[in-house]
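Enquirer: one predicted model, sequence on top.
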Amino acid sequence: IAGNGFTGAFPPLLQGCNSLATLDIGNNRFFGGIPAWIGSQLPSLKILRLRSNNFTGQIPPELSRLSELQLLDMANNSLTGSIPASFHNLNSMRHNLPQLVQPRDSAPLKIMPNGRPRVDQFPERVNISWKGREQTFQKSIGLITGIDLSCNRLTENIPEELTYLEALRFLNLSRNDLSGSIPERIGRLELLEFLDLSWNELSGGIPLSISNLPALGVLNLSNNHLQGLIPTGNQLQTLADPSIYGNNL
């Protein structure tokens, strides 16, 4: 139901929809808090997209109970507080290593003799902000794995526990008020292709382990308070645009 003019609180009628795998209510005008019951009442969720609404309050730690969740997009809201350290319990982001999804057009629908489309032919599509632009992905050829919490008001540090999510393909925490240092073990996320930590209050050095990310194709650490030497070697040598480190110390 994304991209409509819906308003009001998070839809309470979704409670108990325990077979629901994809929930996309992005680009509407929903407001209020994100309910903690999502973690227990929607146990089969693989995609949760709440992007571009007016949600406020903290991210419920109970979301970490969604053991099948592979895509979490809460960007462009007004969420406050810290990133839950309990997110390291998101098992599908730790252990499942799905094949990377590529954008593609929908296959044509097959029509049954009664004139209705075959149920299994409905394309399951979701728009993802991927490598700087919004693209449409289809779940039928696998699931992309990532977290986008950008453009909120989140504070405190980036939890070290996020580095346990070794199946992540993208991580976008940009445009918040996050402080502290970049986790030293960021290099454990060996499948990471997109990392954006720009426009925060991060300080300290850039961890040397960041050069151990063999798939990294997009990096942005600009507009923080980072200092010291920029690591070199391996995949970092291919990221030659100096603006990705701009406006730091």
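Expert: On my side now, so go ahead. Numbering: from 1, shown residues only.
Enquirer: next SSE after the lowest-mean-pLDDT helix or strand in the chain?
Expert: Lowest by mean pLDDT, DSSP states H and E among the helices and strands of the chain is strand 133-138, with a mean of 55. Using DSSP states H and E, the helix or strand that follows strand 133-138 towards the C-terminus is strand 146-148.
Enquirer: other SSEs contacting that following strand?
Expert: Counting contacts by 3 or more Cβ pairs under 8 Å, 6 or more residues apart in numbering; DSSP states H and E, strand 146-148 is packed against strand 71-73, strand 125-130, strand 170-172. In short, each C-beta sits where N, CA and C put it, glycine included.
Enquirer: and that strand, what's its mean pLDDT?
Expert: Along strand 146-148, the predicted local confidence has a mean pLDDT of 95.
Enquirer: check which residues of it are buried.
Expert: Within strand 146-148, the residues scored as buried using 16 or more other Cβ atoms under 10 Å are 146-148.
Enquirer: name the nearest residue to the most centrally placed residue in the chain, sequence neighbours excluded.
Expert: Centroid-nearest residue in the chain, with Cα atoms, centre = their mean: Ile147, separated by 1.7 Å. On the basis of Cβ to Cβ, 6 or more residues apart in numbering, the spatially nearest residue to Ile147 that is not a chain neighbour turns out to be Leu72, at 4.9 Å.
Enquirer: got it, and Asn248?
Expert: The spatial neighbour of Asn248 that comes closest, neighbours along the chain excluded (Cβ to Cβ, 6+ apart), is Leu226 at 4.2 Å.
Enquirer: any idea how far stretch 210-227 is from the middle of the chain?
Expert: Relative to the chain's own centre, stretch 210-227 is displaced by 17 Å; criterion: Cα atoms, centre = their mean, to the nearest Å.
Enquirer: no no, stretch 45-56
Expert: 10 Å.
Enquirer: returning to that earlier point: just the pLDDT at the residue nearest to Asn248, thanks.
Expert: Reading off the per-residue confidence, Leu226 sits at a pLDDT of 97.
Enquirer: the one 3 residues further on now?
Expert: We have a pLDDT of 92 for Leu229.
Enquirer: how much space separates the residue lying closest to it once chain neighbours are set aside from Ser179?
Expert: Nearest in space to Leu229, with sequence neighbours left out and distances taken as Cβ to Cβ, 6+ apart, is Gly205 at 7.4 Å. In this structure, Gly205 and Ser179 are 15 Å apart, going by Cβ to Cβ, to the nearest Å.
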